[in-house]
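Novice: Predicted model, plus sequence, below.
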Amino acid sequence: MPGDGYVCSIDQGTTSTRCIVVDRAGREVSRAQVEHEQVMPRQGWVEHDPVEIWNATQHVVVKALASAGIDASALAALGIANQRETTVVWNPRTGQPWCNAIVWQDLRTDKIAAAIEADGRGEVIRHRTGLPPATYFSAGKMQWILENVDGVRDATQRGEALFGTIETWLLWNLSGGVDGGIHVTDVTNASRTMLMELESLDWDEELLAFFDIPRSILPEIRPSSDRRLYGRGHPAGPLPGVPLAAALGDQQAAMVGQLCLSPGDAKSTYGTGSFLLLNTGDRPVRSHNGLLTTVCYQLGDAPPVYALEGSTAVTGAAVQWLRDQLGIVGDAAEVEQLAASVPDNGGVHFVPAFSGLFAPYWRSDARGAIVGLSRFNTRAHLARATLEAIAFQTRDVADAMVKDSGVALEVLRVDGGVTANDLCMQIQADVLGVPVSRPVFTETTALGAAYAAGLAVGFWGDVSDLHGSWEEGRRWHPEWDPERRATAHARWQKAVARTLDWVDLDEDE
């Protein structure tokens, strides 16, 4: 049977899968990480191979345990954090996916979203789920698969198709797959589908009918941290007998990892995209300014905690674009040095609307733009404009959050890979006009999943046991004066306006 010395978490993200082992003090003991392929068969389409992700998960678990010098018997529990909205459909009899997973960034469902908005169903979805009809969420992706992948619709009638987001796919495989794998999701991931009613925490029959999705293929919805457990690791798998105790969407996991557990607490995670969340307590706050109302977490039998969220599709991915598509830097770390070589952006603004604009605009017709160029400008100005784009997109979301909640930010806790860029975090403080705080341990997504798993099995008694594990690593204070801040933001908004109405949604790109 599993021991009680450590907790393990899997953080399955958009570009990579990592596993960390955490001790009782909340300290990282070991980690392993591996990237997976980004499949882009057409413009606007983004896919992942679910089998590759499952294989990567097994690899990092085995490697992290070996690095820690332990085996699975030393683990008290496992938690999973995952890229949200990404949609997998597989055959439970063979264990094989019916097609590649459709990633949250994918735009192929823009016509589905537009049709729902046009005929009034969008308002029903907003009221019941806290989400706008958009390409971002899972229900449209599921509808597209049912309508376009040969055999899937018929397979649902034969019990040969299951739907899940990534944590559901991994839990099914970890618990046995074709040999009795569990089919579950948690409230945070379910709240990102456009199919779960926010307050009942159950699938909504009318919303299922909107997308013509049979309830039989959907997973059971469970708390994020579940004392009843989702299941146990299969004896033949990488975590034999280990309690599978927690799952959260990655941004909600980061809220737990940052210990943003009281109303008014806020954090921003910077990864492929960036995600600013504000804890609103035990009541859902409906947004009137382009934000999402979402489940933040549910720990055991306690009532759910809700959040306001602003999601930005492209932040860290913009830095990757400079490296991979333009080739103006050799690695992501070089962007900071290059951007720091100039005192400002030289009049250049870069709006990386590669997947349209998410919060607070929700414009799938937008596309990326670089504006303000003159012969004076160099690649350094573009590098600095890229870092500023990360900060300005977060500012847009933060402004909407203040309008919706009436709560002004006093400090912003940050985490994720981009926070290693000190210049970017200074620019973030300058653009927001509030201090920015980075913890010593920035992989808070994985840490949050570990915390949730440990709480489920009594590894930690309650959340008060966790507070000593959070430690600030660095704080940035604003250096811009209010006039410079206002002028810079006004120019950013002019640049955003140039990206709109670029794609005609009535035509294929």
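Specialist: Done, it's in. Numbering: from 1, shown residues only.
Novice: List the buried residues for stretch 489-502?
Specialist: Buried positions in stretch 489-502, judged by neighbour count with 16 or more other C-beta atoms under 10 Å: 489, 491-492, 495-496, 498-500. (C-beta placed from N, C-alpha, C; glycine too.)
Novice: Over to stretch 262-279?
Specialist: Applying 16+ other C-beta under 10 Å to stretch 262-279 flags 263, 265-279 as buried.
Novice: what mean pLDDT does that stretch have?
Specialist: Mean per-residue pLDDT for stretch 262-279: 88.
Novice: What's the end-to-end length of it?
Specialist: Taking C-alpha to C-alpha, to the nearest Å, the first and last residues of stretch 262-279 lie 6 Å apart.
Novice: thinking again about what came up before, list just the nearest of the buried residues of stretch 489-502 to Glu123.
Specialist: Relative to Glu123, the closest of the buried residues of stretch 489-502 is Leu500; by C-beta to C-beta it sits at 22.6 Å.
Novice: And the nearest residue to the closest one once chain neighbours are set aside, how far from Asp324?
Specialist: Spatial nearest neighbour of Leu500, chain neighbours left out: Ala366 (5.3 Å); criterion: C-beta to C-beta, 6 or more residues apart in numbering. Ala366 sits 22 Å away from Asp324, going by C-beta to C-beta, to the nearest Å.
Novice: how about the buried residues of stretch 262-279, which pair is most distant?
Specialist: The distance between the two most remote of these (C-beta to C-beta) is 28.4 Å, for Pro263 and Thr272.
Novice: In strands, which of the buried residues of stretch 262-279 fall?
Specialist: Taking DSSP state E, the ones among those that sit in strands are 266-270, 274-279.
Novice: that older thread, isn't the residue nearest to Leu500 up against Ser355?
Specialist: No: contact between Ala366 and Ser355 fails when scored by C-beta atoms under 8 Å: they sit 9.0 Å apart.
Novice: Quick one: low-confidence residue ranges for this structure.
Specialist: Low-confidence segments of the chain (pLDDT under 70): 1-4, 505-509.
Novice: do that again at 80, thanks
Specialist: 1-4, 332, 442, 467-470, 504-509 (pLDDT under 80).
Novice: Which residue ranges of the stretch 51-200 of the chain form strands?
Specialist: Secondary structure of the stretch 51-200 of the chain, counting by DSSP state E, counting those that start in this stretch: strands at 75-82, 88-90, 101-102, 162-164, 184-186, 196-197.
Novice: Ok, which of these comes nearest Gly416?
Specialist: Using C-beta to C-beta as the measure, strand 75-82 is the one of the strands of the stretch 51-200 of the chain that comes nearest Gly416, at 12.1 Å.
Novice: Which other helices and strands does the closest one contact?
Specialist: For strand 75-82, the packing partners by 3 or more C-beta pairs under 8 Å, 6 or more residues apart in numbering; DSSP states H and E come out as strand 6-12, helix 166-174, strand 243-249, helix 250-257, helix 444-456.
Novice: Redo the ones you listed as JSON lines? Include distance to Val34.
Specialist: As requested, the helices and strands packed on strand 75-82 are exported to JSON lines (distance: least, C-beta to C-beta, whole Å):
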{"stretch": "strand 6-12", "distance to Val34": "11"}
{"stretch": "helix 166-174", "distance to Val34": "14"}
{"stretch": "strand 243-249", "distance to Val34": "20"}
{"stretch": "helix 250-257", "distance to Val34": "17"}
{"stretch": "helix 444-456", "distance to Val34": "14"}
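Novice: and Arg286, how many residues sit next to it?
Specialist: 13 (other C-beta atoms under 10 Å).
Novice: Quick check: it touching Tyr306?
Specialist: No: look at Arg286 against Tyr306 with C-beta under 8 Å: they stay out of range, at 10.3 Å.
Novice: got any residues that touch both of those two?
Specialist: Counting by C-beta atoms under 8 Å, 6 or more residues apart in numbering, the common neighbours of Arg286 and Tyr306 are Thr293.
Novice: Let me see the contact set for the residue nearest to Gly416 when sequence neighbours are not counted.
Specialist: Leaving aside its chain neighbours, Gly416 sits nearest to Tyr270 (4.0 Å; criterion: C-beta to C-beta, 6+ apart). By C-beta under 8 Å, 6+ apart, the contact set of Tyr270 is 315-316, 390, 414-419, 424.
Novice: what comes into contact with stretch 331-343?
Specialist: In contact with stretch 331-343 (C-beta under 8 Å, 6+ apart) are residues 316, 319-320, 322-323, 328-329, 378-381, 383-384, 386-387, 417, 420-424.
Novice: Any buried residues in that stretch, and which?
Specialist: 332, 335-336, 338-340, 342.
Novice: Among those, which pair sits farthest apart?
Specialist: Within the buried residues of stretch 331-343, two members stand farthest from each other by C-beta to C-beta: Ala332 and Val342, at 18.3 Å.
Novice: Wait, Ala408 touches Met401, no?
Specialist: No: here Ala408 does not reach Met401: they are 9.5 Å apart, not a contact under C-beta under 8 Å.
Novice: Ser405 and Ser225: what is the separation?
Specialist: With distances taken as C-beta to C-beta, Ser405 is found 25 Å from Ser225.
Novice: typo on my end, Arg126
Specialist: Separation of Arg126 from Ser225 (C-beta to C-beta) stands at 28 Å.
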